[in-house]
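Asker: starting from these lines, generate the structure:
(chains A, B and C)
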Amino acid sequence: METNKFIALSENDTMSVAAKLAKEYPNHLVLLKGELGAGKTVFARGFAKGLGINCNVSSPSYTLMNEYKKGLISLFHLDLYRLNCLEEVVDIGLFDILDSKQPCLIEWAERVSELSKLPHLCVEIKRQSVSDNDEQRIITWHWEDRKE
Amino acid sequence: MKYLFIDASENLTHVQTGTEKNFSAKTIDTNRDFAAKITEICDNMLKEAGWEKEDLTHLVVCTGPGSLTGLRVADGFLRALAMVLNIPLIGIDLFKWSIQSLSDKGFEGEARLVMPTLIDKAFEVKCQLSHKDAPTQSGGAVERSETEGAAMRSIAEEGSCHKVSGDGAFKISNPVLIEKKDIPSDIKTFGIRYNHESTERIEPTPEALHKIILEEAKTAKSRINEILKVLPLYIIPSQAERNFKGGDK
Amino acid sequence: MITLGIESSCDDTSIALVENGTKMLASLVSSQIEIHKRFGGVVPEVASRKHLEAILPLLNEALDKARKKLTDIDQIAVTAGPGLLGPLLVGLTTAKALAWYLKVPMVPVNHIEAHLTAAFLTAEQLPEYPFLGLIVSGGHSNLVYATGPRDFEELAHTLDDAPGELYDKVSRHLGLGYPGGPIIQRTAEGGDHKAYKLPKPMSGKGFVFSFSGLKTAVMRIMEKEGDALNMPNLCASLQYTVAETLAEKVELALKERKPKVLAMAGGVAANKILRERMQKIADKHQIRLLLPTIHLCTDNGAMVAAHGFLTSKLAPQNSIMVNASANWEMGQPYNF
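Answerer: Next up, the predicted model:
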């Protein structure tokens, strides 16, 4: 399992690595890990750009799921932070989306353990202090194949 | 009788219209845009049948299991329509439909039907088909919560048997959730719209559906509380229902 | 002209009938009616299941209350977004079935835009342009300059949490319950807002909101005070800081733009302290302030009906083909 690493000094950096990954994984499941404020939505913005989708990418923490469309491609962007039980997960149509094989970015996927059983790109964003006023992000990723 | 049926449980939408004498079935690829196209689909169905909305006597919806989004859109639409047209809404699930289809193929004996769900799980239903002229058994109506008019069907429960009508007698267990790895079995197993090395694929047929509808229409009522009972099959039973029955909690 | 309004984007279903976009004949919310009887007092928790159960009985109740029949309805307005996809679809498909059967137009309505119209509906009038609108709710915090029924210039929005979400999170953290806004307002009564000092996020930074910093600030005070924490004071301070933060941006906008009216809407617009603060601003700038009633602040079908009436000519002819859109933004084109 090969892990890649990138140090992002700015939001633009985060977005460019995301855009690059979008081109490599254009219709895959991406599980995004990172604490509050790490920049998961910034990553999603970059990812959408990489797929050629220029919509406004916003945090789906309230809507649970956003869909950004361009022609026949739909990027699904989910945030499972506010979900309380498996019923809700089923109800937002998560499994329908996974069946549709459209690109799907999920924040706080740890909430639903079954998700890690699917083949996915595992991305983690960590905050790191550089100095009193400065922070950077350490972005790591690897592909989890999950063949039975 | 003039019925209109929608099955939005999977990517392809299956629709059907029919009278006592005949029926017409079609499969449509809505490109995942079923919610947008539903009225257009209904307009086309009526046009092809040569009917007006007011001619309809029964609405029928597939209650799943399957894509909750699709099931909900079809059910939401058809129950509102049933209410305003003041006609019955009949709900038919894929288990019953598949078993009837199996029976039509001449299958007899014990069988198991499975349908994948939730990544690594599957629904399992066991049934016994017989073509003898057995007296229709009244062994247990569908088990439901005792609450007045409770509409939610908990399907992830061990169930007792219940009867499905048709030619001959069937016995079906209530659906349960099993692990996908437990699909292979000694009992003859069929996968509903599903291919697996240890199962035979069964496709629910328009003919079987037609038979079920004719049978159900005999007792279907147009009262609003009957319409409200027709709901999608939820994979996970409602917490509320479980709590009420004094279940896990 | 009678408009049926269907609102089904989040927690509750609401159906209303509004005459000529300004007169409310009936507006009911699902939590009010007895649909949970069948579950022995417990309603299905999952939003879309609740909506599917509630919507038809609610429709009948609303028609009864307004003393109207289905055939009296001239058009159907329904929230098509933003919101939760499951609930949105329930409202949308019900609306489609009715519109299809009744052969009347269906108008897709943007939930956030409808909130602003609620402020005018309370005054039983149609919106006047241009107006400055502040929408504050669980999921939104937008300051907009409106020049037409669907023409909004966004002046500010939140970078992170909206005030409603902030209240929910803080209230949960303080162990006070849900929803946070009303609870924090009640707890703050008699409290001294000067007792604890909270930073005003983005103060002096122009047209931008940010509220998640207040979350951390509250948590720090809780840790520092421990058992000595004075809850009413903390809540009062939080409310005060949120109101002042919003006030600063509204005043900034009033200096730059000359709207005819100032309107505030959304769930958090029900907050007493915030309403008083806005009134002070309105008085100072000698501008009319429109606030929705508490019922119209929260999600309701009446605002959807009113906004549908207002925007019906802007909606495309084949609006019955609209799909739900979880992230439909204010003023953005219809999605089909």
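Asker: from here on, contacts and neighbour counts on C-alpha atoms
Answerer: Fine.
Asker: correct me if wrong: C:Ala217 contacts C:Lys200.
Answerer: No: in this structure, C:Ala217 is not within contact of C:Lys200 by C-alpha atoms under 8 Å, at 10.3 Å.
Asker: comparing these two, which shows the higher neighbour count?
Answerer: Remark: of C:Ala217 and C:Lys200, C:Lys200 carries more neighbours, 20 against 14, as counted by other C-alpha atoms under 10 Å in any protein chain shown.
Asker: and the more buried one, what helix or strand is that in?
Answerer: Of the helices and strands defined by DSSP states H and E, none includes C:Lys200.
Asker: same deal with B:Gln128?
Answerer: In this assignment (DSSP H and E), B:Gln128 forms part of strand B:121-130.
Asker: what comes into contact with that strand?
Answerer: B:95, B:99, B:103, B:107-117, B:168-180, B:183 (C-alpha atoms under 8 Å, 6 or more residues apart in numbering or on different chains).
Asker: now swap in stretch B:16-32 and tell me
Answerer: So stretch B:16-32 is contacted by B:1-6, B:11-15, B:37, B:45, B:49, B:206, B:210, B:214 (C-alpha under 8 Å, 6+ apart).
Asker: now find how far off-centre that stretch is within its chain.
Answerer: Mean-position distance between stretch B:16-32 and its chain equals 15 Å (C-alpha atoms, centre = their mean, to the nearest Å).
Asker: and the end-to-end length of that stretch?
Answerer: Start and end residues of stretch B:16-32 are separated by 19 Å (C-alpha to C-alpha, to the nearest Å).
Asker: and that stretch, what's its mean pLDDT?
Answerer: The average pLDDT for stretch B:16-32 rounds to 95.
Asker: and that stretch, what's buried?
Answerer: B:16-19, B:23-25 (16 or more other C-alpha atoms under 10 Å in any protein chain shown).
Asker: what does stretch A:109-128 give?
Answerer: Residues of stretch A:109-128 classed as buried by neighbour count (16+ other C-alpha under 10 Å): A:109, A:111, A:115, A:118, A:120-127.
Asker: sorry, back to before: keep only those of the contacts of strand B:121-130 that are in strands.
Answerer: Using DSSP state E, B:109-117, B:169-172, B:176-179 are the members of the contacts of strand B:121-130 that sit in strands.
Asker: give me the PyMOL select line for these, limited to the buried ones.
Answerer: The PyMOL command for the buried members of the ones in strands among the contacts of strand B:121-130 (criterion: 16+ other C-alpha under 10 Å) is given here:
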select buried, chain B and resi 110+111+112+113+114+115+116+117+169+170+171+172+176+177+178
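Asker: state the pLDDT value of the nearest residue to C:Pro259 once chain neighbours are set aside.
Answerer: Nearest in space to C:Pro259, with sequence neighbours left out and distances taken as C-alpha to C-alpha, 6 or more residues apart in numbering or on different chains, is C:Phe131 at 4.6 Å. Among the per-residue scores, C:Phe131 shows a pLDDT of 97.
Asker: on that earlier part again, just the mean pLDDT for the strand holding B:Gln128, thanks.
Answerer: 89.
Asker: then stretch C:167-179?
Answerer: The average pLDDT for stretch C:167-179 rounds to 84.
Asker: residue nearest the middle of chain C, spatially speaking?
Answerer: Chain C has C:Gly266 as the residue nearest its centroid, 2.9 Å off, counting by C-alpha atoms, centre = their mean.
Asker: by contact count, what packs against the longest helix seen in chain C?
Answerer: Ranked by residue count under DSSP state H, the longest helix found in chain C is helix C:231-256. Judged by 3 or more C-alpha pairs under 8 Å, 6 or more residues apart in numbering or on different chains; DSSP states H and E, helix C:231-256 is in contact with strand C:131-136, helix C:180-188, helix C:272-285.
Asker: next structured bit after it?
Answerer: That would be, after helix C:231-256 and using DSSP H and E, strand C:261-265.
Asker: can you name every helix or strand that that next one contacts?
Answerer: helix C:111-122, strand C:131-136, strand C:288-290.
Asker: and C:Ala253, how far from chain B?
Answerer: Per C-alpha to the nearest C-alpha, to the nearest Å, C:Ala253 is found 39 Å from chain B.
Asker: that residue: what's it in contact with?
Answerer: C:132, C:155 are the contacts of C:Ala253 under C-alpha under 8 Å, 6+ apart.
Asker: what about the closest residue to chain C within chain B, is that helix, strand or coil?
Answerer: Residue nearest to chain C within chain B: B:Ala36 (4.6 Å; C-alpha to the nearest C-alpha). For B:Ala36, the assignment made with DSSP: H, G, I helix; E, B strand; the rest coil gives helix.
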